[in-house]
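Chemist: Sequence first, then the predicted structure, then my questions.
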Amino acid sequence: MNFNEKVYKECKKIPKGKVSTYKEIGKKLNTRAYRAIGQALKNNPYPIQVPCHRVVSSQGKLHGFKGKTKGKALKEKQRMLEEEGLTIINNKIQDFQDKLFTF
DNA sequence: AGTCGAGCGCGCA
DNA sequence: TGCGCGCTCGACT
């Protein structure tokens, strides 16, 4: 069981309409390698099965997604999330605490 | 307050 | 073998 696979596994547990953070995942995996989690998601071999867009920074912001926070891909992810019942304003998730999924 | 640096695990050179 | 990454947190300005 690779570290990556553990990350994916946890990500897949995030229900629709909810989000989670690198920190929470790290906590769940009993590790502090938050960066590694980001790295794992970047390498994401299962883009659809593993909803990496549901994983955000601990502040509930989409900061540093896909390398550039101001990228076009980010907007798409944002819209996807919005369609799942989330509200995102200025790259920030509204009612983040409420939508946050803790394992 | 805002900035800085270190530490985590894995992938690629 | 060494560095960098979709990060976070504590320590210091």
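Modeler: Sure thing, it's come through.

Chemist: Which element is encountered next along the chain beyond the worst-scoring helix or strand of chain A on mean pLDDT?
Modeler: Every helix and strand in chain A was compared by mean pLDDT, DSSP states H and E; the lowest is helix A:72-83, with a mean of 82. Using DSSP states H and E, the helix or strand that follows helix A:72-83 in sequence is strand A:88-89.

Chemist: packing partners for the helix or strand following that following strand?
Modeler: Where DSSP H and E defines the elements, the next helix or strand beyond strand A:88-89 is strand A:92-93. For strand A:92-93, there is no helix or strand it packs on, judged by 3 or more Cβ pairs under 8 Å, 6 or more residues apart in numbering; DSSP states H and E. For the C-beta atoms, the positions are set from N, CA and C on the backbone; glycine is no exception.

Chemist: Count the residues that sit near A:Ala33.
Modeler: Neighbour count for A:Ala33, taken as other Cβ atoms under 10 Å: 15.

Chemist: now A:Thr102
Modeler: A:Thr102: 10 neighbours (other Cβ under 10 Å).

Chemist: Would you agree it is in contact with A:Glu24?
Modeler: Yes: using Cβ atoms under 8 Å, A:Thr102 is in contact with A:Glu24, at 5.5 Å.

Chemist: Which parts of chain A are helices?
Modeler: Counting by DSSP state H, chain A has helices at residues A:3-12, A:22-28, A:34-42, A:72-83, A:96-99.

Chemist: Flag every residue of chain A that's near DNA strand C.
Modeler: Residues of chain A lying close to DNA strand C (Cβ under 7 Å from any atom of the strand) are A:21-23, A:34-39, A:41-42, A:44, A:52-53, A:55, A:57-59, A:63-67.

Chemist: Now, of the residues you listed, which are buried?
Modeler: A:21-22, A:34, A:36-38, A:41, A:44, A:52-53, A:55, A:57, A:65-66 (16 or more other Cβ atoms under 10 Å).
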